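> here is my input; please provide its structure:
(chains A, B, C, D and E)
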Amino acid sequence: SSSDSLSLGIREQVYEVVEVKSNGMVSTRKINRRQLLKSSGLRPRDIRSVDPSLFMTNSMPSLLVREHAILLNLGTLRAIAMQERVLIFDYNRKGGKAFVDTLLSRLNPRSNNGGPCMPFEIEVVEAALLSRVQRLEQRLMDIEPRVQGLLEVLPNRLTGDVLEQLRISKQTLVELSSRAGALRQMLLDLLEDPHEIRRICIMGRNCTIRKGTDIVECSLSTEKQIAEEEEEEIEMLLENYLQRCESCHGQSERLLDSAKEMEDSIAVSLSSRRLEVSRVELLLQVGAFCVAVGALIAGIFGMNLRSYLEEHVFAFWLTTAGIIVGAVVAFFLMYSYLKARKIL
Amino acid sequence: SSSDSLSLGIREQVYEVVEVKSNGMVSTRKINRRQLLKSSGLRPRDIRSVDPSLFMTNSMPSLLVREHAILLNLGTLRAIAMQERVLIFDYNRKGGKAFVDTLLSRLNPRSNNGGPCMPFEIEVVEAALLSRVQRLEQRLMDIEPRVQGLLEVLPNRLTGDVLEQLRISKQTLVELSSRAGALRQMLLDLLEDPHEIRRICIMGRNCTIRKGTDIVECSLSTEKQIAEEEEEEIEMLLENYLQRCESCHGQSERLLDSAKEMEDSIAVSLSSRRLEVSRVELLLQVGAFCVAVGALIAGIFGMNLRSYLEEHVFAFWLTTAGIIVGAVVAFFLMYSYLKARKIL
Amino acid sequence: SSSDSLSLGIREQVYEVVEVKSNGMVSTRKINRRQLLKSSGLRPRDIRSVDPSLFMTNSMPSLLVREHAILLNLGTLRAIAMQERVLIFDYNRKGGKAFVDTLLSRLNPRSNNGGPCMPFEIEVVEAALLSRVQRLEQRLMDIEPRVQGLLEVLPNRLTGDVLEQLRISKQTLVELSSRAGALRQMLLDLLEDPHEIRRICIMGRNCTIRKGTDIVECSLSTEKQIAEEEEEEIEMLLENYLQRCESCHGQSERLLDSAKEMEDSIAVSLSSRRLEVSRVELLLQVGAFCVAVGALIAGIFGMNLRSYLEEHVFAFWLTTAGIIVGAVVAFFLMYSYLKARKIL
Amino acid sequence: SSSDSLSLGIREQVYEVVEVKSNGMVSTRKINRRQLLKSSGLRPRDIRSVDPSLFMTNSMPSLLVREHAILLNLGTLRAIAMQERVLIFDYNRKGGKAFVDTLLSRLNPRSNNGGPCMPFEIEVVEAALLSRVQRLEQRLMDIEPRVQGLLEVLPNRLTGDVLEQLRISKQTLVELSSRAGALRQMLLDLLEDPHEIRRICIMGRNCTIRKGTDIVECSLSTEKQIAEEEEEEIEMLLENYLQRCESCHGQSERLLDSAKEMEDSIAVSLSSRRLEVSRVELLLQVGAFCVAVGALIAGIFGMNLRSYLEEHVFAFWLTTAGIIVGAVVAFFLMYSYLKARKIL
Amino acid sequence: SSSDSLSLGIREQVYEVVEVKSNGMVSTRKINRRQLLKSSGLRPRDIRSVDPSLFMTNSMPSLLVREHAILLNLGTLRAIAMQERVLIFDYNRKGGKAFVDTLLSRLNPRSNNGGPCMPFEIEVVEAALLSRVQRLEQRLMDIEPRVQGLLEVLPNRLTGDVLEQLRISKQTLVELSSRAGALRQMLLDLLEDPHEIRRICIMGRNCTIRKGTDIVECSLSTEKQIAEEEEEEIEMLLENYLQRCESCHGQSERLLDSAKEMEDSIAVSLSSRRLEVSRVELLLQVGAFCVAVGALIAGIFGMNLRSYLEEHVFAFWLTTAGIIVGAVVAFFLMYSYLKARKIL
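Numbers count the residues shown, from 1 in each chain, chains lettered A, B, ... in the order given. Here you go, the predicted structure:
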């Protein structure tokens, strides 16, 4: 039962993951939660941030560095990068697939002129960031011409369809901007925390970070130097993705702002046009009222009751003239009154 | 009387609390304010932040560390954690109950494979944060599908009921986002203040923090080392809850933004549809006006007055043709005028 | 003349103040500007921030520490705290009165179990903050149930009265939130500037702060220690009021957000209901137009002109049927046309 | 020609300035750009920030400290303060005039009890800030009662005139708030940059600031001490104007917020009143429709065609009763239908 | 095919660039990607930020300093500045052209009184910033009078054309403000990162920056001194453009705010005028309804049915009076009812 799985399942939870080894071998495995914790040296709490079943409560992108593993949570990509392999959860969703494709093409020795020069876990991080940023850029490039088109077409073609398209584009932009903003924030936080970057560098090396300081100590001085160079490399790599992310975020924010301003302007323009329509309606109603009064008078004389004017010569023409002149005069009186009060 | 209780009550105030001991024993007690101050080593001012009778003026979540106690104020949970016991005020409200449940299950040796490994007061802090964050996540998971459903249904079903549901969801999201944001801010403030975390660690140990610096001094060097490890542990624990909190906050903000954008778009769409309706109304009024003028003419000829045209052959047909042609011509003149002025 | 008072008045300005001594004695005095400057050791410029006649240009709360005096400007309370006495300007306004009441009850030895333990000027600062924060809290507690009530009642009772009450509540909340926010900012600025707090502590002691550093130097080492303990005490005191202030600010912001979201939702809901009304109106106008055309035809046949159909059998019934069927058919044609164009 | 003046004019540009000497002497001069650069030791680029012909692109207030001159750009005041004189550009605009008046009254020995005690360039800076802040305060004091009055009058008197006044006041407040905010930002930046303040102090002294540090080195130790005291003096002076500026900014923001909230509330209130009007209109249209159908029937019976009911007894009364009862019944049927659908 | 160019093109991509040498020589060249990387010492990743074919994903302005080159991306200007030459991509777009013009006029020895005194790459950076800022300023100066004109004209001439112009101006201002803001952010980031500026200075010198510190080490001490002076020069240069940028950004934000406030006010004013129109319409409908009821009665008496009142003396006059008096009385009853309910 469901409650059973809740109380017991936490311990026995089995994840179906794709494993990519550093030599490019891909395999689908089932991995036990306990086994996962043991092999990765992670704490139970850490797993939360990549567990795909908790996608509602770990929706913010994160990149957590632990002693022997890097936990990646970027959109629909959830992965744990270890020294020689990476485990990808939820591998059937877009994020996971794009990541595997990007990673494999990077691991392919032919495309890199003879093997990757960076350690495997950094390759993984770059592939993850690249696949994520590219998807954001792709979505932006899809939405951008559509919004631009709408903005040009809109002022002149205010139909429900076009407004509905604008609405949908706005919802997409809100989401895109929020996703790009979250990723940007994550990269900024990472870049502002040299400690974390240093921990990525010393992973898999015989180095430690001295407590309370940021000084790296390695058993081999060559390793230390390599780690330092790698650190600079990672920083530049992150800055590069940060810049792309910011462009993406800025562009989508700009489009969203334009769309919002457009909507505000449309609202005012619609209001103004409605007022115009209302004023003409009012004019017609003034006219119709005068005509109706005339018709009432005519109707009164049409009653089958004797007014003793029936046979008077000119009575018809006088009454008719009276009705028409009266209606016209009443109309112009009301018209000029409303004009004076600035209602018409 | 009320004024008496105001002047005297402050001194004699009695709180009804639930006490949970570190061995898992739960008891309900009445505790005198003076007694509470004495046993916890708190100042009168500190009690304010957890006093449930002041829920209006201490609504911001807070976690205050004093020498012998930690004051917890998280939503409807108000508690004082001491070395061997925790006092929970207002224990019948949701926050208090959830906290007791979480705490007891954590203290249960069976669920932890042989006793808690962390000091009691840290267990209390984690249980408090966990129960609070879980409740926020629960509320988010309740509201999320509802809002998504509304956003899909809305553009096509603009009924009052659906709009009212959107309104209620928005109010819930405003509150949820504000609560998650306040908790997030509290955790951020705590994480940025290592001094506070250090004070949690040395609680119940023979250690002191040297004045003006952040250096911990303990009588036993082993204690110092344990305290330092604990500090790291607490930081990771807080970061974990911070991340969950941020996901919660981000997700609710995103939903709220979507709902707001939706409302704005609906407003414009309604405006545009109203304009459409108004224009058709105007068209009809133009038509009705022309018909009314025709009817007036017909009415005039229907008066029981002599126009001396009564017996003329074709007078009827001529007049009728005149009325109809006149009405149609007038209609098209007005129509093309309004079309030219872009009103219709 | 006015220009005279401008050029001369500045020098001769006389303030009517209430003086409270540290022993609790209250007296009303007139004090010359020149005399005030001399006795307090303040500069002319400093007086500006507490001068009640400039309430427009010194509306931001401020707490300025000078060598021998603390200048307090909190809402309608303007006071200068010196070592043994405090001068309160504008003592008839709410802020001044509340402050005097709070201060006197604190100075009352009975209420403190034997005399204040803190120096007089700190008692003054605390009394000022306490009276200010309490007034904000009081206003919040007054407005909160009213707004909650409105938010519940509103969706169903959209009368002008209720909307007007919502408007007034919003204006109050805007003001309350802005005042609480300004006070919070002042407290934050103060807490981030340890220099200022240190200057409060050494006031009235034989201590100086060494130039360019933050090190306190006292002639007696005991004094230095007391000053340091006092500093910690003041920080905790300020933090306490900061927290109350933040709760107040947060709560009023939350209420204001709720009220704004409510207004936005109401606007959309009203728009949707107006569209509903407009559509029914349109339906009626379509009907009325058809009826009017029918009436025109009937009117035409009612003219006192000969159509030579007068004596035809069935002419009446055929015409009547034609009018009615025509009107109904025209109505349904127009109706289905508008339905197809999604206007109705 | 214009292009000539563009290519050559940059070099030969002549400014018409007012020169105020430290002894209070005022003279109007024409000064060549080259000559100005030479006498002030400024770079061509610096002049940009005070050049009145570029008012569009240097609209942000700025206070630039160079080795021998301070460049002042505060609203319409553009001036270069040097050791013994100040040059005021664009002296006919409000800002320039107010500055000259303020400066002269400060330089007047009588008003200062025997000569200015501060160096001339600091007197100039203070006069500039004072005249600027006073103008902002003056504008705030002008607008404040007007806005308060509007806010009280508005809910009950929603005429176009009052709305137009609210609009104008809002535009003024937007501008005022933006100007006060820009000045506040400038003062904040200045206060956060002790280096700049130090450079003001050593101007005209035999002191230098050591490269890369903030340590002042003077040939005479007394000069250094004076410079340090002056520095403190300038900081307090700037803080004073900062506070006035913040009050001004805060007050105008508060008024603007109130005005905006008022407008939002008015919009909702107008919407609700329009709905009310629309509903009564709808009611009338329902009634009118029923009456029109009745009139159609009456019109039909008024046709000059034979229905063979003409001579039936009671035909008239039955038809009349049928029309009236039918109209009333139809009205109530439609009314209750609309009521049930919550449209009326 | 397109897929071919995607897989191979990346390696073989050829850029058409304009090359400007430090002696002012301009030439158009085609440059291979691989060749470019080799000659400039850049990494493949760096090229992304200036590649004009990626204008969507590198729209944020950036100024990247690498060991032997500065990458410039400012709006439509994409360039790589090296020690003796600068390569301009996409040279036919506005940004590129303006840059070349500005750079050439700066390199022209006549305009600088004998050769540029600054190193070539700094001349390039200044020319790029100058041409970019000038274009922003130009656009602001174009739009500013138009918006001011609209703001003055609008309240009285609410035609569709004027609203459309306001809308277009707003869109332009949104874009302008966003561009100026992005450039400002870039300059701020650069100024806050002395490391980057230092790297500009040592470019082409025999200097290095010591790892982990900011200390410059040169083989010649004179070079170090020159580099330090240059650093100060660059900072002042950047501050100057930052100020112009901020003026531009502030001014466009202010105009945008004014335009938005104007739109909000117009919306409320339109709402209020529509309510006015609606109320007059309602009044007319009340009147028309009364007239219609009267007409119905008249119509009833006009039926060709016998009411046996036909020959009664005064029946006509009594009925007529009844109709008219009834209509007038009904009108006033309804009018006063609506007045009492505050609908009219």
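
> could you give the angle of the top helix by length along chain A to helix D:221-301?
In terms of residue count, the longest helix belonging to chain A (DSSP state H) is helix A:221-301. Compare the direction of helix A:221-301 with that of helix D:221-301 by axes from the mean of the first three to the mean of the last three Cα atoms, to 10 degrees and you get 30 degrees.

> so which helix or strand takes in whichever residue of the stretch 1-150 of chain A sits closest to chain C?
Residue of the stretch 1-150 of chain A nearest chain C, by Cβ to the nearest Cβ: A:Leu150 (19.8 Å). Heads up, the C-betas are built off the backbone N, CA and C, glycines and all. The secondary structure element spanning A:Leu150 is helix A:120-153 (assigned by DSSP states H and E).

> average pLDDT for the longest helix of chain A, rounded please.
Mean pLDDT, helix A:221-301: 87.

> how about that helix, does it reach chain B?
Yes. Applying Cβ under 8 Å from any Cβ of the partner chain, one finds helix A:221-301 in contact with chain B at A:260, A:263, A:266-267, A:270-271, A:273-274, A:276-278, A:280-281, A:284-285, A:287-288, A:291-292, A:294-295, A:298-299, A:301.

> filter these down to the ones near chain E?
Filtered for proximity to chain E (Cβ under 8 Å from any Cβ), the residues of helix A:221-301 next to chain B shrink to A:267, A:271, A:273-274, A:278, A:281, A:285, A:288, A:292, A:295, A:299.

> among those residues, name the buried ones.
Neighbour-count burial within these applies to A:267, A:271, A:273-274, A:278, A:281, A:285, A:288, A:292, A:295, A:299; the criterion is 16 or more other Cβ atoms under 10 Å in any protein chain shown.

> pLDDT below threshold where in the stretch 51-200 of chain A?
With pLDDT under 70 as the threshold, the stretch 51-200 of chain A has low-confidence stretches at A:55-57, A:109-117.

> which bits of it sit near chain C?
Where proximity means Cβ under 8 Å from any Cβ, the interface of the stretch 51-200 of chain A facing chain C comprises A:Gly160.

> and the strands in the stretch 51-200 of chain A, which stretches?
A:62-65, A:69-74, A:77-82, A:85-89 (DSSP state E, counting those that start in this stretch).

> deepest-packed of those strands, please.
Mean neighbour count, computed with mean count of other Cβ atoms under 10 Å in any protein chain shown, is highest for strand A:77-82 among the strands of the stretch 51-200 of chain A, reaching a mean of 27.

> buried stuff in the helix holding A:Leu150?
For helix A:120-153, a neighbour-count test (16+ other Cβ under 10 Å) marks A:120-133, A:135-137, A:139-140, A:143-144, A:147, A:150-151 as buried.

> how much space separates the residue nearest to A:Val50 when sequence neighbours are not counted from A:Val86?
Of all residues beyond its chain neighbours, the one nearest A:Val50 is A:Arg78 (4.2 Å), with distances taken as Cβ to Cβ, 6 or more residues apart in numbering or on different chains. Using Cβ to Cβ, to the nearest Å, A:Arg78 is found at 11 Å from A:Val86.

> likewise for A:Ala98?
Going from A:Ala98 to A:Val86 by Cβ to Cβ gives 14 Å.

> ok and the residue in the stretch 101-250 of chain A nearest chain C?
For the stretch 101-250 of chain A, the nearest residue to chain C under the criterion Cβ to the nearest Cβ is A:Gly160, separated by 6.8 Å.

> is that residue in contact with B:Ser272, as I believe?
Yes. Using Cβ atoms under 8 Å, A:Gly160 and B:Ser272 qualify as a contacting pair, with a distance of 6.5 Å.

> from chain D, how far off is the residue nearest to the spatial centre of chain A?
When Cα atoms, centre = their mean is applied to chain A, the residue found nearest the centroid is A:Glu175 (1.3 Å). Counting by Cβ to the nearest Cβ, to the nearest Å, the separation of A:Glu175 from chain D is 27 Å.

> okay, now the closest residue to that residue other than its chain neighbours: neighbour count?
When the adjacent residues along the chain are set aside, A:Glu175 lies closest to B:Arg254, with 7.1 Å between them (Cβ to Cβ, 6+ apart). Each residue near B:Arg254 was counted by other Cβ atoms under 10 Å in any protein chain shown, and the total is 20.
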